[in-house]
Every structure is written in C-alpha cells, then in structure tokens.
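Undergrad: Below is the structure, and that's it, no one-letter string:
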C-alpha cells in the first residue's frame, strides 16, 4: 500500500503538520481500522465448535505502528495471522510425524505432549493405509486429537479490511489534521 | 523499541509480596520491574522473563512456551509448596503461567499502542478513546460500567469515552496505568475516537486540541524507563515510602537524589556506560552462612562488612588482563546475556555455594541458571568485586577465572 504525500511550501510548515505527523496520523488511521476489524471478527463463534479463545481480540491488542521517518509500518503481533491471510500448508516441525488438531474443549490450545507428558493417557490409532490417525482417551475411547501429516489453510483475505478501506482510513486521518 | 525490548528492560525483582501488595507499589516504579506474586528467586524470574520475551516475538505458541518453562523450573529444582499443587500459586500450573505470560505481553503491547497514540500526529487525529471489549472471555466481568463511573468516567450514548490524557484511565486500571490491560485477563481495551467525534461530544474544542498537540510536539511522551525512575518524587531513605521499599526489597532498591532505582536497572546502566558504578548491596546472612569452613575469620568479617561496587572499567580491564592467558578457561565460558548481568546482585545475596579461590582472600560465589550455565562472582574479601562470568561447568571443574568481555554499550 502506498500513500503519496505532497510536502507543503516552507512558509506553511509552521502552521501545517509536518510530514512525520501526517504519517503518524495516517498510520494510526490504518492501524485503527485493522484493530476494529479484528475486534469485530472476534465476536464470531468458531466453526469447529470448540470454545472461543479470543484469538482475533488478542491479535487486535497486538496491532502496532512503527514510525521510520515519514513511513508508518503497521504490524499485527500474533502467530498465525499471516498464515490465515495468505493461506498455506502447515507441516509438522522436525522430529514430529503429524500435526495434532484438538477435537475436544479440554485440550484446545494444548499440544499432546503438554496434556500427556508421560504418554500414558492417550492411545495412538493410525489404521494402515489411512492418511490420518487419532489420539484417543484410553479410558473413554473418545477422539481427543486428529493427527494429519499436513494441513492446508485456505487464503482468507476477509480477516483484514480491504486495501481500499485501509487507504481511505489513512487519508481520512490525514485530512482530519490538515 | 519493540515489545520484547521493552520486556527485557524490566529489572528482575524477587520478593514474597503477593499481587495485592505489589499493586500498592507506585505504578511507574512497578512497571520497571519484572516480578511475579510470591516469587523471591530471581533465577526463576529470569527464566519467566525469557519466556515472556519469546512469546511476545510470536515464534512459539503458548502450549510450547508452557512446556519449556516447566522444564526450566525443574532444572532450577522448583517445587510448589505442599497443599498448593495445581493452584494459582503453583508455578507449574497452566493458569499461573498463562497469567504471567499474557499479562506481561499485554502490558508491553498496551504501552506501545498508548505511546503511538500520544504522538502529535496520531493524537491530533484521534484525541479520545472508547473503553470497550476487545477480546471474548468465557467469564466476562459485568461491572465495568460501574467501575468506569466510579473512576470518574462519563458515558456518551452508552459508550465509555474519554480523552486519551484523561486521568480516568489510570484510576480505572488495577495496575495504575493509563493503558491496557486494565485488569487481569479482562479482555477489555480501547478503540480510538476521531477528532470530529471528540469535538462533537464536547470532550475538547478545536483550539484546545491544537494546544495539546503543540505541547506534545514540544514535550513528547517521556521515555518509558526514564518516567519509571522519576515517578516517585521527593523520596528519601527515611520517608515512610522509602522505609517500606527498603523493608520489602532490601538492596534491590537504591534510593539516590530522591529517585528510586531497581538494582537490576542500575547494573544495566553501568554496562551501557550510563553510570560509572553500582553497589551490589550489603552482605546477607544467607551468603555469609555459605562461606567455606576453611575461610579465615578476618575474611568472613570483611565479607560481612562489604557492599561491593561493580565498576564497568575495572570489570573490562580485569577481563582484558586475564582472558588472553587462559584459553582453556575461555573455551568453557558462555557469553553473558543481559539477564546474567542482572543476576549479579542475586549471586551476591544468595549463591548456591561459595568456593575458596587459590589466592589469599579470594572467593567465588556460584549460582546455577535456568539455561544450565553457572554464574560465578569472584570477590576479594579485602578489596571487593573482582570479576564476573558464566561457564558451562560448575566451579572446580573449570580452571582459571578469565571472564568474557561484555558487549559494548
């Protein structure tokens, strides 16, 4: 995204905001619309039926604007936001054969190794020839995690405002202080 | 400054204070400390702060962070008090770790968003903010409108809105800060309100806004850490506040020229060349009790009276003088990180062990760290601070005592 700013003549600089201040306003305008969008997104429930975690709300709290001269860089400090926005394939990290996707509320946001560090609670079920397996509770037989060799995350541009909306927010903020 | 840098700038402060007692410490001073309710061991705090930093950088999920932190607690031989296993007092518990990580990261982010919003350009465009729910919580508090009113806040069409520099924000916060979080894990936060709306609501006039913006241009928001030091005005050693701080934190606080500093910040300042030296504090009974049995009485008496001074020039000169002559030793040394230097007073107060050096009056105080290293503080009982370094092997296994030169300012 590019915002073009024309610097006013020198004699007007005392009464008009500086280039840096315009960038501060524009940056804040864009970060505000991003933050509001994420807060609204946080109000929705989850599609997988698991309890809401406040993920997008936490992302909204992690929106920062860093100034470098007259350039404002807006960052969302939250793991996974870029992955959801652009989409992509997630593979297990080195030393792991599968991704573990929580299927019950009790383990949401927890890795199997955290829930069952001694590997005594869960039974691994991975039928031969199948592309996915499960970790089941040994006592109840309930599927606790779904195990998959990779997970495709679809691109979802709707998690952020459109580029036009962001440009508009930046322009409006600059106009407000001119 | 990034949020992880902000987190690392906090001094490690160990104490047995609980969270309500900590809340009584002035916010500006408290914000410069990294602490946790009823955690007196600074090496545990160092491990915690490291995990908070890692989480703030976004590279690891919370589950991974919790697992790693528990592993470090095991290395430091931590165990919860009997009867407190699994409760919020147990550092192994998910609830406690989550509170520590999330609150510290939220405070760093809240401060950054606040500071950005108080820049002249951002303030001129968005001079006010609305207090509202930012993130969903399973058990949401419902008494926020009452708390807002009690703090002196006004509502506009049912919305809780105030200027960004209104004192209502500090009064609303249980932490005494003008930025989120305003309470433990509340999910409440702020959204900017634009200039036009703020003027329409009568919060500020166009002229007042121009005046405030000009003032921010002239005098920007003070540096976070400078503000933290200067926020306890007219404080003297013998004042009631000074006495309370000394009683609870001992030599971890240093009062000079009516300003309070955390000891860890002073060590950082010395290393960065902002000040020439810092006192490590008076000897403790815990330290004296660990003096080797073979130590002569005159050395024990001298240690008891000592308040060693950490001087950057002496430290570097010593390192230069000794490091070249003992390659074997240097090979075992680990470069000290910031947290290692901050732990220097802790090594002095309460080392794991003290070993007599090969030269007369020389002693090495040793403390094991969460990352498997050994901090060693060399003291000459007659002359004070000698050197400080970190090694892979505990004392007795590593020859010599050549320290690594710290990184420049």
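TA: Everything's here; your move. What you see is a predicted model, and the numbers here were worked out from it, not measured in a lab. Residues are numbered from 1 along each chain as shown, chains lettered A, B, ... in the order given.
Undergrad: What pLDDT does the model give residue B:360?
TA: On pLDDT, residue B:360 comes in at 92.
Undergrad: quick one: it and residue B:302, what's the gap?
TA: Plainly put, residue B:360 is 12 Å away from residue B:302 if you go by C-beta to C-beta, to the nearest Å. For the C-beta atoms, the positions are set from N, CA and C on the backbone; glycine is no exception.
Undergrad: Likewise for residue B:89?
TA: In terms of C-beta to C-beta, residue B:89 sits 40 Å off from residue B:302.
Undergrad: Could you pull out the strands in chain A for me?
TA: All strands of chain A, identified by DSSP state E, fall at A:63-68, A:71-76, A:88-90, A:99-102, A:122-125, A:133-137, A:143-148, A:151-153.
Undergrad: ok so, going back, so if I had to pick from residue B:360 and residue B:302, which one is more boxed in?
TA: Neighbour comparison, residue B:360 and residue B:302: the larger count goes to residue B:302, with 19 against 11 (by other C-beta atoms under 10 Å in any protein chain shown).
Undergrad: So the more buried one sits against residue B:380, correct?
TA: No: counting by C-beta atoms under 8 Å, residue B:302 does not reach residue B:380; the two are 9.1 Å apart.
Undergrad: list residues touching both of those two?
TA: Common neighbours of residue B:302 and residue B:380, using C-beta atoms under 8 Å, 6 or more residues apart in numbering or on different chains, are residue B:361.
Undergrad: since we're on residue B:60, how many residues are nearby?
TA: 15.
Undergrad: My read is that it contacts residue B:54, right?
TA: Yes: at 5.7 Å, residue B:60 and residue B:54 qualify as touching, with contact defined as C-beta under 8 Å.
Undergrad: Residue 16: how many residues sit nearby?
TA: Here I'm looking at chain A. 15.
Undergrad: that's the other chain; I wanted chain B
TA: Residue B:16: 10 neighbours (other C-beta under 10 Å).
Undergrad: Find the nearest non-adjacent residue to the closest residue to chain B within chain A, please.
TA: Nearest to chain B in chain A, going by C-beta to the nearest C-beta, is residue A:57, at a distance of 2.3 Å. Spatial nearest neighbour of residue A:57, chain neighbours left out: residue B:135 (2.3 Å); criterion: C-beta to C-beta, 6 or more residues apart in numbering or on different chains.
Undergrad: Lowest average confidence across helices and strands, show me which element that is in chain A.
TA: Lowest by mean pLDDT, DSSP states H and E among the helices and strands of chain A is strand A:63-68, with a mean of 88.
Undergrad: Reformat the strands of chain A as TSV; add mean neighbour count and distance to chain B.
TA: Shown next, in TSV, are those (neighbours: other C-beta atoms under 10 Å in any protein chain shown; distance: least, C-beta to the nearest C-beta, whole Å):
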stretch	mean neighbour count	distance to chain B
strand A:63-68	18	5
strand A:71-76	18	9
strand A:88-90	12	12
strand A:99-102	18	10
strand A:122-125	15	15
strand A:133-137	20	15
strand A:143-148	19	12
strand A:151-153	12	14
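Undergrad: thinking again about what came up before, now do the contacts for the residue of chain A closest to chain B.
TA: Residue A:57 neighbours (C-beta under 8 Å, 6+ apart): A:38, A:39, A:42, B:133, B:134, B:135, B:136, B:187.
Undergrad: List buried residues within those residues.
TA: The neighbour count (16 or more other C-beta atoms under 10 Å in any protein chain shown) marks A:38, A:39, A:42, B:133, B:134, B:135, B:136, B:187 as buried among these.
Undergrad: Having no further points to raise, I will conclude here.
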